[in-house]
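J.: Model the following, please.
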Amino acid sequence: MKKLLAVYIIGVFLFFPYHRTRLGAASAPTKVVITYAVFSEREGSLFVARDQGFFRKHGLDVQLVYVSTASVALSALARGDSHLNTGSASGAILGAMAGGLDLVFVAGLVNKLTGAFVVAPEIKTPMDLKGKTIGVTSIGGGNWVFTMLALEHWGLDPKRDGITIRVIGNEAVRAQAIASGIIDGGVIVPYAFSTALKRQGFRILADLVELGIPYQGTTVFARRSLVNQSPEVVEKVLTALVEAIAFIQDPANKAPVMRSLAKGLYLPRVEDAAEGYEIMKPLYERRIYPNVEGIQNTIRLLGATNEKIRGLKAEDVVDDRIVKKLEQKGLFQPGPK
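T.: Residues are numbered from 1 along each chain as shown. The predicted structure is shown next:
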């Protein structure tokens, strides 16, 4: 576990090599920077689209850049250092939208809660979480939303039930905090990490996918101005991602998909991606429409304490014109394209 976490921590500190990145000329591959702030199997379509050449196929020179938080991703978008971001409909993103940043969700790659709610061995049921300490990445962030929606699903209220929500850091730090007993549990999105904890005797209280809670998981969002001014670039990116999803879901491609997953997650061995691969395949749907119900669910949760977010309407922050165009082209149908 420590070796896995060390590799993860070393691998994720990346910096933007571009400043105010501009879209390339039509005669050359178009340079596109895509940031992602969630380090998990949910980003598998990005890794596969890069490694299998789907971005290049559509004339794109895509750079994938991991950032530590959604706030960093938002700053990059606002400055023009990046063009698109993938991540969940978190408080930071919705807060930026409510604050006037012209962002829109253009696609939904994973439209459900994901990850494992990992807890100490003595916690056997959700009710045993009363009086315990749960770790999150940040208050209002995607991981916090995952946690709060799960607790709500189980009829638990942190204030009423004495559950302490503690900001503990990213996935690697949170996994280590569970392993060392600093916290009693938390939602761990990379299944490779939760599997490692399970092998050490920790309990998987729930696989959040199985709870069936409407949620906008991995979404693609961008500045509204980019979508309006360069819709062809967004269309090419989404086309490549749909093709990557189709590639992932074909069992014949298991080996290259696992290699991409291991590379993208900085796993020490390809075989360490085996469980993540099996879990990742059903997460995706080729109809990559944003999950309006899931976005509204998050607005409801965050809006309880944030008046600006409460005033948002999910349909106003979704632009699915390009996804509709892809469906009209038949891209969502099974079979080679």
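J.: can you pull out the strands in the stretch 201-337 of the chain?
T.: Secondary structure of the stretch 201-337 of the chain (DSSP state E, counting those that start in this stretch): strands at 203-207, 219-223.
J.: hey, which of these is tucked in deepest?
T.: Highest mean neighbour count among these (mean count of other Cβ atoms under 10 Å): strand 219-223, with a mean of 24. C-beta: built from backbone N, CA, C; applies to glycine.
J.: hang on, the earlier thing: for Pro290, which of the strands of the stretch 201-337 of the chain is the nearest?
T.: Nearest to Pro290 among the strands of the stretch 201-337 of the chain is strand 219-223 (6.1 Å), distances taken as Cβ to Cβ.
J.: The closest one: partners in the sheet, and parallel or antiparallel?
T.: If you go by DSSP bridges, strand 219-223 pairs up with strand 84-87 (antiparallel), strand 103-108 (antiparallel).
J.: Make TSV out of these and add distance to Arg203, mean pLDDT and mean neighbour count.
T.: What follows is the strands paired with strand 219-223, written out as TSV (distance: least, Cβ to Cβ, whole Å; pLDDT from 0 to 100; neighbours: other Cβ atoms under 10 Å):
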stretch	distance to Arg203	mean pLDDT	mean neighbour count
strand 84-87	28	94	24
strand 103-108	31	97	24
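J.: of those strands, which approaches Trp144 most closely?
T.: strand 84-87 (13.2 Å).
J.: Pull the residues that contact that closest one.
T.: 32-38, 43, 46, 70, 73-74, 76-77, 93, 106, 109, 142, 218-222, 226, 234, 237 (Cβ atoms under 8 Å, 6 or more residues apart in numbering).
J.: send the alpha carbons of stretch 268-279 over as PDB?
T.: Once non-C-alpha atoms are left out, stretch 268-279 reads as follows in PDB (Å, rounded to 0.1, in the frame of the first residue of the first chain):
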ATOM      1  CA  PRO A 268       3.600   0.000 -10.400                       C
ATOM      2  CA  ARG A 269       2.300  -3.000 -12.300                       C
ATOM      3  CA  VAL A 270      -0.200  -3.500 -15.100                       C
ATOM      4  CA  GLU A 271      -1.900  -6.300 -13.200                       C
ATOM      5  CA  ASP A 272      -2.700  -3.800 -10.400                       C
ATOM      6  CA  ALA A 273      -5.300  -2.200 -12.800                       C
ATOM      7  CA  ALA A 274      -7.200  -5.500 -13.200                       C
ATOM      8  CA  GLU A 275     -10.000  -4.800 -10.700                       C
ATOM      9  CA  GLY A 276     -10.200  -1.100 -11.800                       C
ATOM     10  CA  TYR A 277     -10.600  -2.300 -15.400                       C
ATOM     11  CA  GLU A 278     -13.500  -4.600 -14.500                       C
ATOM     12  CA  ILE A 279     -15.200  -1.800 -12.500                       C
END
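J.: Just the buried residues of it, please?
T.: Neighbour-count burial for stretch 268-279 flags Asp272, Ala273, Ala274, Glu275, Gly276, Tyr277, Ile279 (criterion: 16 or more other Cβ atoms under 10 Å).
J.: now the fifth one: how far from Leu267?
T.: As for Gly276, its distance to Leu267 is 8 Å (criterion: Cβ to Cβ, to the nearest Å).
J.: Could you name every residue contacting both of these two?
T.: Applying Cβ under 8 Å, 6+ apart, one finds that Gly276 and Leu267 are jointly contacted by Ala192, Leu261.
J.: distance of the residue nearest to Ile139 when sequence neighbours are not counted from Ala177?
T.: Nearest non-adjacent residue to Ile139, counting by Cβ to Cβ, 6 or more residues apart in numbering: Val167, 6.3 Å away. Between Val167 and Ala177 the computed distance is 11 Å (Cβ to Cβ).
J.: ok, back up a step: among the contacts of strand 84-87, which ones are in helices?
T.: The members of those that map onto helices under DSSP state H are Leu46, Ala70, Ala73, Leu74, Ala76, Leu77, Ile93, Gly142, Leu226, Val234, Val237.
J.: Give me the PyMOL select line for these, limited to the buried ones.
T.: To isolate the buried ones among those in PyMOL, judged by 16+ other Cβ under 10 Å, type:
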select buried, resi 46+70+73+74+76+77+93+142+226+234+237
